[in-house]
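Q: Pasting a predicted model and its sequence here:
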Amino acid sequence: MIKFENVTKRYDKKYTALRNINLEINKGEFVFLVGLSGSGKSSLIKLMLREIKPSKGKVIVGKYDLVKMRERQVPYFRRQLGIVFQDFRLLEKKTVYENVAYAMRVLEHEDDFIAKRVPEVLRIVGLEKKTDCYPGELSGGEQQRVAIARAIINEPEILLCDEPTGNLDPITSQEIIDLLIDINNSGTTIVMATHDTNVVDSLKKRVISMYKGEITSDNRRGGYNIES
Ligand SMILES: Nc1ncnc2c1ncn2[C@@H]1O[C@H](COP(=O)(O)OP(=O)(O)OP(=O)(O)O)[C@@H](O)[C@H]1O
């Protein structure tokens, strides 16, 4: 489903952000990426999104070779992905409903289908009572639920999460993780970069540890190796 072969990423000549990464993530897995700030977690996620390209090596996501892919294929490729960030990135002047519906309008879905699907997904994330609220009227955890609803509305095969609990307190973080686990149990592959060792400890999921641009451990039964 996701494959990195000998991937190196340099943003400039002097500094190598990722070095010789080899990695395979199968359909349906839940994978944590952990490591100190600057270890390369976000760069790995950006490569999976094709926001950036590797300096060397090969990145395959689904049926797409992201190095060989043409620019005009990128929007089609991105349709199989959902993306969640630490800072929610909601449209402040749109309601919860509109924030989520917008992701369907971009794909030109029929209005009837949008009107049926948005309430379904808001129910999944537990926000059916907040449909008409604006992001500014919601707690951080609720805003992240809107962002997750938007990310899953088009039923992506893969959900990429970059520090999704970074702005949340421990209890709210755990609620967001429980939601991500439910989404994973329904078949979506999840890759989540995080600093949150409490969350990683609470689940026995695969953990890929990074240090200075290299993978230092890949443990399928939980457990990590964050160097200091
Ligand atoms: N656009 C860029 N231009 C130059 N260097 C960059 C760029 N993006 C990231 N880097 C560098 O690449 C390295 C890896 O950064 P990356 O953001 O992938 O790490 P991270 O593990 O996600 O860190 P954090 O946990 O702080 O988000 C860092 O040294 C960073 O300074």
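A: Sure thing, it's come through. Numbering: from 1, shown residues only.
Q: List, one by one, the residues from the chain near the ligand.
A: By CB under 6 Å from any ligand atom, the part of the chain that sits against the ligand consists of 11, 17, 35, 37-43. C-beta here means a position set from N, CA and C on the backbone, and glycine is covered the same way.
Q: Can you flag which of those residues belong to strands?
A: With strands taken from DSSP state E, the overlap with these comprises 17, 35.
Q: Just send the residues of the chain next to the ligand back as TSV, with neighbour count, pLDDT and distance to residue 205 too.
A: Formatted as TSV, the residues of the chain next to the ligand follow (neighbours: other CB atoms under 10 Å; pLDDT from 0 to 100; distance: CB to CB, whole Å):
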residue	neighbour count	pLDDT	distance to residue 205
11	12	94	30
17	20	96	25
35	25	94	16
37	7	92	22
38	13	92	24
39	24	94	19
40	24	96	20
41	25	96	16
42	19	95	20
43	22	97	21
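Q: List the ones among the residues of the chain next to the ligand that fall in helices.
A: 41-43 (DSSP state H).
Q: does the closest residue to residue 4 other than its chain neighbours sit in a helix, a strand or a coil?
A: Distances taken as CB to CB, 6 or more residues apart in numbering put residue 23 closest to residue 4, at 4.2 Å, once the chain neighbours are dropped. What DSSP: H, G, I helix; E, B strand; the rest coil gives for residue 23 is strand.
Q: Relative to residue 57, how far out is residue 23?
A: Residue 23 sits at a distance of 10 Å from residue 57 (criterion: CB to CB, to the nearest Å).
Q: before we move on, what about residue 164?
A: Counting by CB to CB, the gap from residue 164 to residue 57 is 27 Å.
Q: So which of these two has more stuff around it?
A: residue 164 (29 against 17; other CB atoms under 10 Å).
Q: Now do whichever helix in the chain runs longest: which elements does it pack against?
A: Assignment by DSSP H gives helix 170-185 as the longest helix of the chain. Under the contact definition 3 or more CB pairs under 8 Å, 6 or more residues apart in numbering; DSSP states H and E, helix 170-185 sits against strand 30-35, helix 140-152, strand 158-162, strand 189-193, helix 197-202.
Q: how close does the most centrally placed residue in the chain get to residue 128?
A: By CA atoms, centre = their mean, the chain has its centre lying nearest to residue 160, at 1.7 Å. As defined by CB to CB, residue 160 lies at a distance of 26 Å from residue 128.
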